[in-house]
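Visitor: Sequence and computational prediction follow.
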Amino acid sequence: MTQAIKNNSELHELMKAWRHDIHCHPETAFTEVRTAEKVATLLRSFAGIEVHTGLAKTGVIGVLTGNRGDNGQMIGLRADIDALDITEENQLDYASSVAGKMHACGHDGHTTMLLGAAKYLSENPNFAGKVVFIFQPAEENAGGGEVMVKEGLFEKFPCQSVYGMHNWPTLPAGHFAVHQKEVMAATASFDVTIQGKGSHAAMPNLGIDPIMVATQLIQSFQTIISRTIAPTDTAVISVTKINTGSAYNI
């Protein structure tokens, strides 16, 4: 199978075109209408795939039964389809056409990979049981997977196992890596508001500088990791954005 996929130049070209199109039209959490329509249309064009839409608003499900019959086994293959609120600066002919939105995390590639798997398996259904192709919306901080589960994903499609992956640019092309324990941290966001007192930059003694307070606070956050979390546990705190001030001299 591996060699057959490597030699399938027609599939490669199709997947490249799909990915470029999806990359050019990024859509963020629960607004992936065009992306979902494209996915559903392609799945319907593949032989033998039953298509379900509307799960978690923009989620798409495809179901393929192998030509060796339904033996009760059901395996899920999952990809995320959403983009990020980021402005793309790449000068590519398929760069984002939507201001302020970009497939900066590679979900266009994930979607394309799952579409490629669906097409290949539909043309080579030499297996027993069913494969469920799960196209999940809103992976980026919006909990689209949780919504799909709450709306009955696994009651409707009771998979015994589900496989997913995330691109990792430091790995050689064509390679997958697995890890027995945690790979990355889950996301829990926080906001801190510091109220200072304004003054001219030449007379800081007349004010209360919130920037100085913020820098001390950011450094202190790291003591939570080093002094309150056991060394055998994994934890990380990252401050990713600071908003303050509106002029150089105030």
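Guide: That came through, no problem. Source: prediction; values computed, not measured.

Visitor: which residues touch residue 221?
Guide: Applying Cβ atoms under 8 Å, 6 or more residues apart in numbering, one finds that residue 221 lies in contact with 237, 239. For every residue, glycine as well, the C-beta is placed using N, CA and C.

Visitor: ok, and for the helix or strand containing it, which residues are buried?
Guide: In this structure, residue 221 is located in helix 210-228 according to DSSP states H and E. By 16 or more other Cβ atoms under 10 Å, the buried positions in helix 210-228 come out as 210, 214.

Visitor: With stretch 131-142 instead?
Guide: Taking 16+ other Cβ under 10 Å as the basis for neighbour counts, the residues of stretch 131-142 that come out buried are 131, 132, 133, 134, 135, 136, 137, 138, 139, 140.

Visitor: Equivalent analysis for stretch 68-80, please.
Guide: 74, 76, 77, 78, 79, 80.

Visitor: Give me the subset of these that lies in strands.
Guide: When strands are assigned by DSSP state E, the members of the buried residues of stretch 68-80 inside them are 74, 76, 77, 78, 79, 80.

Visitor: List just the nearest of these to residue 14.
Guide: residue 79 (16.3 Å; Cβ to Cβ).

Visitor: mind listing the helices for the protein?
Guide: Under the criterion DSSP state H, helices of the chain are mapped to 2-6, 9-24, 33-45, 107-123, 144-150, 153-156, 210-228.

Visitor: Give me the helices and strands touching the shortest one, please.
Guide: Helix 153-156 sits against strand 49-55, with contacts defined as 3 or more Cβ pairs under 8 Å, 6 or more residues apart in numbering; DSSP states H and E.

Visitor: Now the strand it packs on: buried residues?
Guide: By neighbour count on 16+ other Cβ under 10 Å, the buried set for strand 49-55 is 49, 51, 52, 53, 55.

Visitor: nearest to residue 118, of those residues?
Guide: Closest approach between the buried residues of strand 49-55 and residue 118, by Cβ to Cβ: residue 49, at 6.3 Å.

Visitor: That closest one is in contact with residue 122, isn't it?
Guide: Yes. With the criterion set as Cβ atoms under 8 Å, residue 49 and residue 122 qualify as a contacting pair; they are 5.6 Å apart.

Visitor: Okay then, goodbye and thanks.
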